[in-house]
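In: Take a look and give me a structure for this.
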Amino acid sequence: MKAPLPGPGQAIRAIRKRSGLTLTELSTRTGLAVSTLSKLEMGHVSASYDKLLAISKGLDVDMAELLDTTPHPSGPPTHGGRRVVHRAGEGQHVDTRSYSQTYLATELLAKRMTPIYVELHARTLDEFFAEFGDFIRHPGEEFTYVIEGEVTFCTELYAPLTLQAGDSIYFDSEMGHAYLKASDAPCRTITTCSARGRDETAMKDTFVNASVKHAERAPARRRPAVVRAAKAGRK
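Out: Below you'll find the model as predicted:
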């Protein structure tokens with residue numbers, strides 16, 4: 001049996017048990033398979049951003065509670081004078097085939113944005129779609145700053161765009177999008193996601209678990225036209 005992955009599995013299990021939910025009931029609330037939830041809790045499968053959003057909605061908790069083991073006082077969160085410091089290497093690490101992500105400021109509940117340090121792995125849209133099934137999309141806005149390497153930024157509405165170290169992009173995240181690693185060198189970004197109108201619930205409601213749902217489908221879906229454009233741009 002493979003060793004458990006580091007991640008929020010224990011927190012998910014503890015909150016589920018505290019809420020009196022079975023895996024089957026949580027599956028109904030999230031749309032994730034019971035087997036997937038069980039593997040997540042045991043640390044035998046990675047927890048991507050969309051999985052965490054789906055589970056946080058299903059458990060009716062802030063996503064930070066899945067990522068942070070620090071006890072939090074009950075009652076409504078206070079916003080005056082809040083701060084959190086993460087030293088280099090700290091944060092909650094979550095890995096998928098396409099990304100290695102470190103979620104920052106996980107101690108803070110009810111945040112207006114989700115900051116993430118990301119290392120990209122997927123080189124092609126075929127690789128990305130093999131995991132997520134389609135472009136990622138969620139209500140709100142997203143900002144990405146390239147720290148190192150080159151990024152191919154693909155969307156459903158525009159031709160692929162190359163971003164280099166020092167470049168940044170701010171965009172409407174309801175537009176389907178994907179980040180790809182564009183060179184052999186390491187590729188790292190700082191990305192923040194924020195729901196429009198500060199409505200985090202709406203973001204959780206529609207950012208479904210694309211990676212699990214599509215990975216369990218047998219035939220691959222027909223790729224959109226932008227796939228051909230992205231491939232052509234790399235020739």
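In: C-alpha from now on. contacts and neighbour counts both.
Out: Noted.
In: what stretches of the protein score poorly on pLDDT?
Out: Within the chain, the segments meeting pLDDT under 70 span 1-7, 46, 68-80, 196-235.
In: Please enumerate the strands of the chain.
Out: Counting by DSSP state E, the chain has strands at residues 92-95, 99-103, 114-120, 141-148, 150-155, 161-164, 168-172, 177-181, 188-194.
In: what does the longest one rub up against?
Out: This points to strand 141-148. With contacts defined as C-alpha atoms under 8 Å, 6 or more residues apart in numbering, strand 141-148 is touched by 163-174, 186-196.
In: Now do Ser98 against Ala178, distance only.
Out: Distance, Ser98 to Ala178, using C-alpha to C-alpha, to the nearest Å: 10 Å.
In: what sits in contact with each of these two?
Out: With C-alpha under 8 Å, 6+ apart as the test, Ser98 and Ala178 both reach Phe128.
In: Please name the bridge partners of Val118.
Out: Val118 forms beta bridges with Gln101, Thr189, as assigned by DSSP bridges.
In: Point to the residue nearest the middle of the protein.
Out: Tyr49 (2.0 Å; C-alpha atoms, centre = their mean).
In: Which residues are in contact with Arg83?
Out: By C-alpha under 8 Å, 6+ apart, the neighbours of Arg83 are Leu108.
In: What's the separation between it and Thr114?
Out: 14 Å.
In: give me every residue that touches Leu161.
Out: 152-154.
In: let me redo that: Tyr99
Out: With C-alpha under 8 Å, 6+ apart, Tyr99 has these contacts: 118-122.
In: repeat that for 10 Å
Out: For Tyr99, the contact set (C-alpha atoms under 10 Å, 6 or more residues apart in numbering) comprises 48-49, 117-122, 128, 179-181, 188.
In: got the buried residues for stretch 104-119?
Out: Residues 104-111, 113-119 are the ones in stretch 104-119 that count as buried (16 or more other C-alpha atoms under 10 Å).
In: of all those, which comes closest to Ser19?
Out: Leu109 (18.5 Å; C-alpha to C-alpha).
In: and the closest one, what are its phi and psi?
Out: Dihedral pair for Leu109: phi -90, psi 160, per degrees, to the nearest 10.
In: Kindly provide the distance from it to Lys57.
Out: Leu109 is 14 Å from Lys57, by C-alpha to C-alpha.
In: Ok, Thr162 next?
Out: Counting by C-alpha to C-alpha - Thr162 and Lys57 are separated by 34 Å.
In: Who has more neighbours out of those two?
Out: Neighbours were counted for Thr162 and for Lys57 using other C-alpha atoms under 10 Å; Lys57 has more, 19 against 16.
In: Please verify my assumption that that one contacts Leu32.
Out: No - contact criterion C-alpha atoms under 10 Å: Lys57 and Leu32 do not qualify, at 12.0 Å.
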